[in-house]
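Enquirer: need a 3D model of the following:
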Amino acid sequence: MDSIKHLLFNRFKTFYLVTISIFLNIVLLMIRMKLTHSFHFLFLVWNLFLAVIPFAITAYLISNPKLSKYGLYFWFCVWLLFLPNAPYIITDLLHLKVSSSYLLWLDVLVVTSFALNGLLLFLLSITDMKAIMSRFTNNKYVNPIFIFILFLCGFGVYLGRFLRYNSWEVIQNPLNLLNDIIFLIIHPNLNLEACLFTFIFGSFLNVAYWMFKQLYANTSK
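Expert: Numbers count the residues shown, from 1 in each chain. Now for the predicted structure:
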């Protein structure tokens, strides 16, 4: 209970802004549903909920002064499993191709707002986990590890968007997931789209994080 109070007190501004942003997402979606009489984009709420999970994990961990190395290892694995769900929302922009021309601008605004929130939660979570890892790992290894994690997220988004896997498949369907991952890795010549997507999306996430880190550092001074 004390750690939760400490968390809310120290991260109040961040939580407040994130909450307001998510609330505006829901309002935009409700307006869209009211005007179009369609629930087509209701799945964005679930996707955004999944994006909140890694942020919630790191927000809690960074406020826990009694965090052990083994505890970090466990939560790091859970965090990494759910992390691609946050930037995944960016690819929901693909759903705009089936939108009608009527109020298309509203569809663009709704999906983009959810995607930006997913990216924001992702960047905040990465920042927190990097700070946590720095307490247990030599700093010279932290940057390379997180560069790799960002590319790994690109690969995770590919698995979700194009092969339709989700985080639960690790428990529900691990063998098929593992077989597909191994196939993608050992046959890159047969999976050029997967390689290209992973590299480009991973590069995008690395650039986005670098820009966010610079802005975050400047506003923290």
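Enquirer: which helix or which strand is home to the residue nearest in space to the middle of the chain?
Expert: For the chain, Ala86 is the residue whose C-alpha lies nearest the centre (C-alpha atoms, centre = their mean; 1.9 Å). Applying DSSP states H and E as the criterion places Ala86 in helix 85-88.
Enquirer: in the chain, which helix is the longest?
Expert: Using DSSP state H, we find that the single longest helix of the chain is helix 104-134.
Enquirer: tell me how many other residues crowd Leu106.
Expert: Neighbour count of Leu106, defined by other C-beta atoms under 10 Å: 17. From N, CA and C alone the C-beta is placed, and that goes for glycine too.
Enquirer: name the nearest residue to it, ignoring sequence neighbours.
Expert: Spatial nearest neighbour of Leu106, excluding adjacent residues (C-beta to C-beta, 6 or more residues apart in numbering): Arg32 at 5.4 Å.
Enquirer: quick one, what contacts Lys69?
Expert: Phe136 (C-beta atoms under 8 Å, 6 or more residues apart in numbering).
Enquirer: likewise for Ile89?
Expert: With contacts defined as C-beta under 8 Å, 6+ apart, Ile89 is in contact with 44, 47-48, 51, 114-115, 117-119.
Enquirer: name the nearest of the residues you listed relative to Ser21.
Expert: Asn117 (5.5 Å; C-beta to C-beta).
Enquirer: my guess is the closest one meets Asn47, correct?
Expert: No: assessed by C-beta atoms under 8 Å, Asn117 is found out of contact with Asn47, at 10.0 Å.
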